[in-house]
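Asks: all I have is the shape, not the residue letters:
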């Protein structure tokens, strides 16, 4: 099975974003990709400042557009996906006016799974209602789960999905360079190091495959890292992009690779939850 994670820039212009998603899906299809992870904010972009986001700004650019999870925008991606499994993030409009940083996984047959971001950094926590859990779901490519951005900082997030049977985790991010300690080169940036470290650790500790998609380019004060990647169940990077947009594409055998990783050391079976503190 061939899988891919995308690094790309998305904007407040949803029509533009849909065109870009269509191009990325077309390129992935030409490459024979079966599962594609797109970044957080693929429909409507992400925030332009994590420290002082202002939802009341007169030009309306501070917050992404809140979209109906069953509305025409997600429906348009369903039409584009065809037989490909596609995961993507957006700002979801809740039934009572609340906003969720959300993700869907879909094919041309419809939505397969949903996730609402659980962990929000302090600077943006007031803008979004947090999700309430982590649930895996079945897809034509096997059992999957999703994380959004800051969720992957917490080991319990990916572990919850692995315990629910997920063998492939898509982590959708809009992860920027450090806001407080910018490095002269992105490869030296503290957040670049953490972004890669979390991807590799979450895959290795759960012995699963992980697709890490991320925004690239700039939005307001944020300079997104890119650095999309596919990580194997031993924590090895199988394919990656760097700071610019592109697709990280890898051929994987989930059953064989995960079986081999768990043949001697099976982390999920070796757990001692009776001794852990919540």
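Replies: Everything's here; your move. Bear in mind that the values here come from a model prediction, so they are computed numbers and not experimental data.
Asks: this protein: strands as residue ranges?
Replies: 2-8, 35-37, 85-93, 99-107, 110-116, 137-139, 142-148, 168-173, 209-219, 222-225, 229-231, 237-240, 246-251 (DSSP state E).
Asks: against which helices or strands is the third one packed?
Replies: In terms of contacts (3 or more CB pairs under 8 Å, 6 or more residues apart in numbering; DSSP states H and E), strand 85-93 is packed against strand 35-37, helix 72-81, strand 99-107, strand 142-148, strand 168-173. To be clear about C-beta, it is placed using only N, CA and C from the backbone, and glycine gets the same treatment.
Asks: one more pass at 7 Å, please.
Replies: Other elements packing on strand 85-93 under the criterion 3 or more CB pairs under 7 Å, 6 or more residues apart in numbering; DSSP states H and E are strand 35-37, strand 99-107, strand 168-173.
Asks: for those strands, which one sits closest to residue 65?
Replies: With CB to CB as the measure, strand 99-107 is the member of these nearest residue 65 (10.0 Å).
Asks: how far out from the middle of the chain is that closest one?
Replies: Computed by CA atoms, centre = their mean, to the nearest Å, the chain-centroid distance of strand 99-107 equals 10 Å.
Asks: ignoring the adjacent residues along the chain, who's closest to residue 148?
Replies: residue 117 (3.9 Å; CB to CB, 6 or more residues apart in numbering).
Asks: could you dump the strands of the chain into TSV with distance to residue 125, mean neighbour count and mean pLDDT added?
Replies: Written out in TSV, the entries for these read as follows (distance: least, CB to CB, whole Å; neighbours: other CB atoms under 10 Å; pLDDT from 0 to 100):
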stretch	distance to residue 125	mean neighbour count	mean pLDDT
strand 2-8	26	27	98
strand 35-37	25	30	99
strand 85-93	15	26	98
strand 99-107	11	24	98
strand 110-116	14	19	98
strand 137-139	26	16	98
strand 142-148	14	25	98
strand 168-173	17	31	98
strand 209-219	19	26	97
strand 222-225	17	22	96
strand 229-231	27	27	98
strand 237-240	30	19	98
strand 246-251	30	20	98
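Asks: around the residue nearest to residue 148, count how many other residues there are.
Replies: Neighbouring residues of residue 117 were enumerated by other CB atoms under 10 Å; the total is 25.
Asks: what does residue 24 give?
Replies: Look at residue 24: counted by other CB under 10 Å, it has 24 neighbours.
Asks: and for residue 200?
Replies: As a burial measure, the neighbour count of residue 200 was computed by other CB under 10 Å and equals 19.
Asks: same question for residue 164.
Replies: If you count neighbours by other CB under 10 Å, residue 164 ends up with 14.
Asks: that one contacts residue 137, correct?
Replies: No. In terms of CB atoms under 7 Å, residue 164 does not count as a neighbour of residue 137; the distance is 8.8 Å.
Asks: export the helices and strands packed on strand 85-93 to CSV and tack on distance to residue 79?
Replies: Shown next, in CSV, are the helices and strands packed on strand 85-93 (distance: least, CB to CB, whole Å):
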stretch, distance to residue 79
strand 35-37, 15
strand 99-107, 10
strand 168-173, 20
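Asks: tell me which of those strands lies nearest to residue 9.
Replies: Going by CB to CB, the one of those nearest residue 9 is strand 168-173, 13.0 Å.
Asks: any idea of the angle that closest one forms with strand 2-8?
Replies: Inter-element angle recorded for strand 168-173 and strand 2-8: 10 degrees (by axes from the mean of the first three to the mean of the last three CA atoms, to 10 degrees).
Asks: sweet, I'm off.
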